[in-house]
Every structure is written in C-alpha cells, then in structure tokens.
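What follows is a predicted protein model with its sequence.
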Amino acid sequence: MDASVSVKATASTFEADVREIVAAKYVRTAGASDAVAGVQSRFVVEPGSEQELAKVLKLANAAGLGVTPRGGGTKLEWGNRPAQADVILSTARLHRVIEHAWADLTVSAEAGCTIAKLQETLAKHGQRLALDALWPERATVGGVLSTNDSGALRLRFGSLRDLVIGVTLALADGTVASSGGRVVKNVAGYDLPKLVTGALGTLGVITRAIFRLHPLPRERRTISCVTTNVREAQRLVVAIQNSKLAHSALQICCETEMQPRVDVLFEGTEAGLTAQVEQVKVMMGAAAISDAGGDVWSARQEICSAGKQGEAEFAVVKFASLPAQMAETIETIARLSRPDVRWKVAAQATGIGWARLDGDAQAMESALREFRAGLERGGGSLVIAHRAAGMSALDAWGKAGDALPLMNAVKRQFDPQGILNPGRFVGGI
C-alpha cells in the first residue's frame, strides 16, 4: 500500500474515533490560522475534560500523529519548526479555577484558564499569583508553564519553578500523572512541576496546576531614572541591589538613539513606599528621576509583540548572562546591530533580558549568531522567540550542552514515540 494512502487512512480513523470521545462540534479540520511555526496542522480538537484529553492523546499516539498542545496560542512561534504538527490539542474548554484555598495561599486551576481570569479570582481575597506573564488576557496556565514565561517580578518572588507546587499532565500513552495527592501513574523520582516547566509541551500535556500565592500589595509605585550611558545604569542597578531596599522589580530599558532608563518597583504600604522612594532618590543623586506609571513594566511585552503593517522585518530574543555583565551584554547588542539594524532591550536585574531587532534579515542573523556565541562562551544563552522570514535556518535554542543525553532519556521515558511537539525543543527533542 502507498505510504500516503496509509497515512490518510490512519488520520481518517483517528478523526472518527475522536468524535466518539469529544462532541463533533469540538473536532474540526485545521485552517491556515492553526499552522504551527509554518507547519500546517490537520485537526483541532478541544476536549471538555482531563479524561477526554488523555483519551485523545492515546489515540494520536497509536496513530503516530504529532500533537501540539495549545492554550491561548500566544507563543506558538517559540521553539523550532515542528517535525510534525498533525493535531492541535486545545485546552480552551479546560478553563476553570478549581479551588482557591485562600487560607493556605494556594490555588488549583485547569490548564486553559487564562492568567487574567486567575488573577481576577484571586484578587477577590486580596491575593495574587506573583507572575507578570506576557499577554495575560490570552495566555493560559498551561502555556506559561510550558514556556516558563515570567517577567521582572521574578527578582523578588522567584520564577515559575518557584511558584508552581503541583501539576497534573496527560502522558502520550493516555495515562495521567500527578505531582501530588492521588498519583494515577507512578512517576517516582521525577519532580514534575519543575520538569515540565519550560519543556514546551514535549513531555506531556498539562491539564491542571497548583500554585503558591502572595498577598496583593496595598500600593505600588515605580521610580524611573534616565542615565547617560548603560554603564551608569548598571552601577545604579548594583547599588539598589546591594541596598536594604525592598524592591519588587528592577530593569534597564534602552534602544537605538535612546538613553538608558532604570525602573524600580516598590510595593507595600503608603508610608513604607514614601520612605523607600526617598532613599532611592538620594542614591540616584542628581540624575533625571521621575515617578513613572506602571506601563514601563510593559516594555517586555512591547518587545515581543508583532510589528505594525509596513514595518521592517524583526526578530525577538531572550538572553541570559551574569547580572554583573548586563551593561556589557547590552553594549554588545548595540555594537553588533550597527549600522543596518535598530534594537530595543528590556533587561532585568536577574540577568535575563529581551531584545528586539528590526531591519535587514541577513544583518540580524549575523548579529544574533555572533551575540549567541559570545553569550555561550561566558556561560549565558540566547533563545529566539521570533525570527524574520529570512532567518528560518537559525536554531531557536543554541547549544544544548552536557544535559542533552539526560534530556533525551527523560523524553523517551515520557514520550517513547516522540509525538509531543516533535523537533521543537532543545537538540531537536
């Protein structure tokens, strides 16, 4: 039998079987808007429960179909081009906040629950998930965990790996694994919450998660300081970090033909904020200081958002280096971008930053290759979140390092046939 005929038969059988599990209206043929990093999908399936999702996944595994988990679809470009993307497994209908144990400062939510909805629910009891995710109105619990998406608040509250305390996920063979409570499948030896955070959905499909919470601050206040150069901005950041100030976030923002700006966020009572703001103004001296609105913390989202019609091609990258080398890292971006590329950076005091390059695709690719090589020599990293059209050959992740054999072993344990987001993660996992 011709191989293409066999594939069509398998896909047809899969569709018929899925309709027995999920109501017909929640199974459809994928359209152009359902493509994953340029690879066209065949089906979009929206299970209505954790059990339905697991059964659909088991069928896809048996049929050898590649599966792409999808929440709000805000980060489908992240990662490499998939080897297969036959089935989009949507968590859109798994959107409940399951339990807000406000007395214990924990919450359990389904994977398709948006971050905005979750925060609104928590705010009713004066609490929050201390996470500033990209596009919170659309981004989902499962999506932010799979991409390990967190912003400047991680300086004080930690990353997602520090905030998530439990997950449940459907594995490729259709069984369900949980990090706490009743364990349906034995996964002894694995710290599931940390393992699946940032794994880009390559180990299993997250169906629910449990987070630790923090109280909502009574007041918030941001102070911004414009500096003459990035070295001065770095010195100010270090001074603030070495002080006794209880700041929640700290970043450096700069771009082509713009002086660097340092933003510092304070949260707490009005009296406490006033005292800390006065102290930081003394530290900043005669620099250009101002009270800033909360919109300065949207700098990372502005960098990651798509360009306007008619703008030049662009690339978006996430980089990591030592916090003490942040000024040098930003200077390297500026140097490599000249003269054909415009650049914009939002760098956190943790050493993690985001950069956007606009201009000629070949010039951007050359700059990013050299930038990545320099970062990796120093123990840092560069991940590409968006490529310009002419940069498709540029790997999203860079060198995998010594951890790749272990990562491959874990992948084989969780997904032996490699159907979950195949080829999208580090080292082609």
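Now that the structure is in, tell me what you want to look at. Numbers count the residues shown, from 1 in each chain.

Surely Arg128 touches Leu122?
Yes. Counting by C-beta atoms under 8 Å, Arg128 touches Leu122, with 5.4 Å between them. Every residue, glycine included, has its C-beta placed from N, CA and C.

ok, the two, which is more surrounded?
Neighbours per residue, other C-beta atoms under 10 Å: of Arg128 and Leu122, the larger number sits with Leu122, 22 against 18.

Per-residue pLDDT of the residue lying closest to Ser179 once chain neighbours are set aside, please?
Of all residues not flanking Ser179 in the chain, Leu192 sits nearest, at 3.9 Å (C-beta to C-beta, 6 or more residues apart in numbering). Leu192 carries a pLDDT score of 88 in this model.

Val39 too?
Predicted confidence (pLDDT) for Val39: 92.

who's in contact with it?
Arg81, Pro82, Gln84, Ala85 (C-beta atoms under 8 Å, 6 or more residues apart in numbering).

Now do the contacts for the last one.
Okay, so that is Ala85. Applying C-beta under 8 Å, 6+ apart, the residues near Ala85 are Ala35, Val36, Ala37, Val39, Gln40, Ser41, Gly66, Thr68.

For Gln362, state which of those is nearest.
Comparing the contacts of Ala85 against Gln362 with C-beta to C-beta places Ala37 closest, at 20.6 Å.

now the closest residue to Ser337 other than its chain neighbours: how far from Leu145?
Distance criterion C-beta to C-beta, 6+ apart; nearest residue to Ser337, sequence neighbours excluded, is Trp343 at 4.5 Å. Between Trp343 and Leu145 the distance is 30 Å, computed by C-beta to C-beta, to the nearest Å.

Comparing those two, which shows the higher neighbour count?
Neighbour totals were compared for Trp343 and Leu145, and Leu145 leads with 26 against 22 (other C-beta under 10 Å).

Just to be sure, the more buried one is in a helix?
Yes. Counting by DSSP: H, G, I helix; E, B strand; the rest coil, Leu145 is found in a helix.

so it touches Thr197, yeah?
Yes. Counting by C-beta under 8 Å, Leu145 does reach Thr197; the two are 5.2 Å apart.

Which neighbours do those two have in common?
Listed as contacting both Leu145 and Thr197 by C-beta under 8 Å, 6+ apart are Leu160, Val164.

and Glu302, how far is that from Glu219?
In this view, Glu302 and Glu219 are 25 Å apart by C-beta to C-beta.

quick revisit: between the contacts of Ala85, which is closest to Asp358?
Taking C-beta to C-beta as the measure, Asp358 sits nearest to Ala37 out of the contacts of Ala85, at 20.6 Å.

What are the neighbouring residues in contact with that closest one?
By C-beta under 8 Å, 6+ apart, the contact list for Ala37 reads Leu76, Glu77, Gly79, Asn80, Arg81, Pro82, Ala85, Arg424.

Please indicate which of the residues you listed are buried?
With burial judged by 16 or more other C-beta atoms under 10 Å, the buried subset of the contacts of Ala37 is Leu76, Glu77, Gly79, Asn80, Pro82, Ala85, Arg424.

Remind me which helix or strand Val316 belongs to.
Following DSSP states H and E, one finds Val316 within strand 314-320.

That strand: which residues count as buried?
Phe314, Ala315, Val316, Val317, Lys318, Phe319, Ala320.

and if you look at stretch 239-258?
The neighbour-count check on stretch 239-258 (16+ other C-beta under 10 Å) flags Ile240, Leu245, His247, Ser248, Ala249, Leu250, Gln251, Ile252, Cys253, Cys254, Glu255, Thr256 as buried.

measure stretch 196-212 end to end?
The first and final residues of stretch 196-212 sit 17 Å from each other (C-alpha to C-alpha, to the nearest Å).

Tell me how far it lies from the chain's centre.
Remark: stretch 196-212 is offset 12 Å from the chain centroid, using C-alpha atoms, centre = their mean, to the nearest Å.

before we move on, what about stretch 275-286?
Distance of stretch 275-286 from its chain centroid, counting by C-alpha atoms, centre = their mean, is 34 Å.

Could you count how many residues lie near the residue nearest to Ser179?
So Leu192, with other C-beta under 10 Å, has 23 neighbours.

my read: it touches Ala177, true?
Yes. Leu192 is within contact range of Ala177, at 6.5 Å (criterion: C-beta under 8 Å).

Pick the one among the buried ones among the contacts of Ala37 closest to Val264.
Taking C-beta to C-beta as the measure, Glu77 is the one of the buried ones among the contacts of Ala37 closest to Val264, at 31.4 Å.

Now do that closest one against Val39, distance only.
Using C-beta to C-beta, Glu77 is found at 12 Å from Val39.

same deal with Thr140?
Distance of Thr140 to Val39, given as C-beta to C-beta: 21 Å.

Which secondary structure state is assigned to Ile240?
Classification of Ile240 using three-state DSSP returns helix.

Would you enumerate the residues in contact with it?
Listed by C-beta under 8 Å, 6+ apart, the contact partners of Ile240 are His247, Leu250, Val262, Val264, Val280, Met283, Ala349.

what residues does the helix or strand hosting Gln362 touch?
Using DSSP H and E, Gln362 sits within helix 361-377. Helix 361-377 is contacted from outside by 313-315, 317, 319-321, 329, 332-333, 336-337, 340-341, 357, 381-382, 384, 388-391, 394, 398-399, using C-beta under 8 Å, 6+ apart.

just checking, which of those belong to strands?
Using DSSP state E, the members of the contacts of helix 361-377 that fall within strands are Phe314, Ala315, Val317, Phe319, Ala320, Val341, Leu357, Ser381, Leu382, Ile384.

can I get those in TSV with pLDDT and distance to Ala373?
Shown next, in TSV, are the ones in strands among the contacts of helix 361-377 (pLDDT from 0 to 100; distance: C-beta to C-beta, whole Å):
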residue	pLDDT	distance to Ala373
Phe314	92	21
Ala315	94	16
Val317	97	13
Phe319	97	12
Ala320	96	14
Val341	93	17
Leu357	96	16
Ser381	95	11
Leu382	96	9
Ile384	95	14
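
sorry, back to before: between the buried residues of strand 314-320, which is closest to Cys225?
Taking C-beta to C-beta as the measure, Cys225 lies nearest Phe319 of those, at 23.0 Å.

The closest one and Leu382 touch, don't they?
Yes. The criterion here is C-beta under 8 Å, and Phe319 meets it with Leu382 at 5.0 Å.
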